[in-house]
Each structure stands twice: as structure tokens, then as C-alpha cells.
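1. Could you work out the structure for the sequence below:
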Amino acid sequence: MRTKVMSPFPKSVYKRNAFLYKILANPKRLEILNILKVHEASVNELAKTLDVSKANMSQHLARLRYARAVLTRRDGLNIYYRITDPRIVEPCRIFKDLWSKSASVVSPL
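-> Numbering: from 1, shown residues only. So this is what the prediction gives:
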């Protein structure tokens, strides 16, 4: 007789993770997080680096704040952003390595 297969986590964990995955399913937001892994930056600095408007950058950062992926620090008129936990961008490196290893087999999109 077979034993029942158990899920490793409660269903609430999968729901929270799916929410975060939706937030991270945007190339600009992934790039923002990878930049913030190295050093904190202001909206202006990030907008210039990613070549987007400040308004668009603010929208991306608002979503990342809502998902608790970034934290803020105010210095005078400027607000600086930093990543809450550098491990959040590890899948980026892992997938990059997987694509590099399989480049001869599968061409990227």
C-alpha cells in the first residue's frame, strides 16, 4: 500500500510565492533587484541606468516595496532603495547559468 504524498509547504506559502513570482516576472524589476543587490540607489539613479522615466521607475519600485523585496532610506529629499535579501535574485544567476550551459542545445527567446 502506498503512503500519501505530502506537500512540503502549506498552501499559503505557494500563494505568497506565486504573488512574488508575478512581481518578479518583469525584466526591468529583475534588473533593478540585481542592481540593488550590489548597492543602494535612488529613483533618479535607477531611472538613468535602466533608461526609463522616473515615473515608470517609481511604479516598478512601488510594486517591489509592496512585495517587500526592497526597503527605503530617506536622505534629505532623496529616497534610496536597497534589496531586502540578496538571495531573492539567486534564481536570476541560476537561470543564466542554465541557459549558458544549454545554449548549444536550446536557443534562448
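
2. quick one, strands of the protein?
-> Applying DSSP state E to the chain gives strands spanning 41-42, 70-75, 78-83.

3. For the shortest one, which outside residues touch it?
-> Among residues not part of strand 41-42, those counted as contacts by Cβ atoms under 8 Å, 6 or more residues apart in numbering are 35, 49, 78, 79, 80, 81. (C-beta placed from N, C-alpha, C; glycine too.)

4. among the residues you listed, which ones are buried?
-> Listed as buried from those are 35, 80, 81; burial here means 16 or more other Cβ atoms under 10 Å.

5. For residue 18, state which of the residues you listed is nearest.
-> residue 81 (23.9 Å; Cβ to Cβ).

6. For the closest residue to that closest one other than its chain neighbours, give me its contacts.
-> Nearest residue to residue 81 in three dimensions, chain neighbours excluded: residue 70, at 4.9 Å (Cβ to Cβ, 6 or more residues apart in numbering). Contact partners of residue 70, counting by Cβ under 8 Å, 6+ apart, are 32, 33, 36, 61, 64, 81, 82, 83, 84.

7. Please report how far residue 70 lies from residue 16.
-> Applying Cβ to Cβ, to the nearest Å, the value for residue 70 to residue 16 is 17 Å.

8. ok now do residue 78, which residues does it touch?
-> 42, 44 are the contacts of residue 78 under Cβ under 8 Å, 6+ apart.

9. re the thing from before, which of the contacts of residue 70 ranks first by neighbour count?
-> Highest neighbour count within the contacts of residue 70: residue 32, with 26 neighbours (other Cβ atoms under 10 Å).

10. isn't it right up against residue 46?
-> Yes. Between residue 32 and residue 46 there is a contact under Cβ atoms under 8 Å: 6.0 Å.

11. Number of residues surrounding the nearest residue in space to residue 67 that is not next to it in sequence?
-> Spatially, and ignoring its direct neighbours in sequence, residue 67 is nearest to residue 23 (4.4 Å; Cβ to Cβ, 6+ apart). Neighbouring residues of residue 23 were enumerated by other Cβ under 10 Å; the total is 17.
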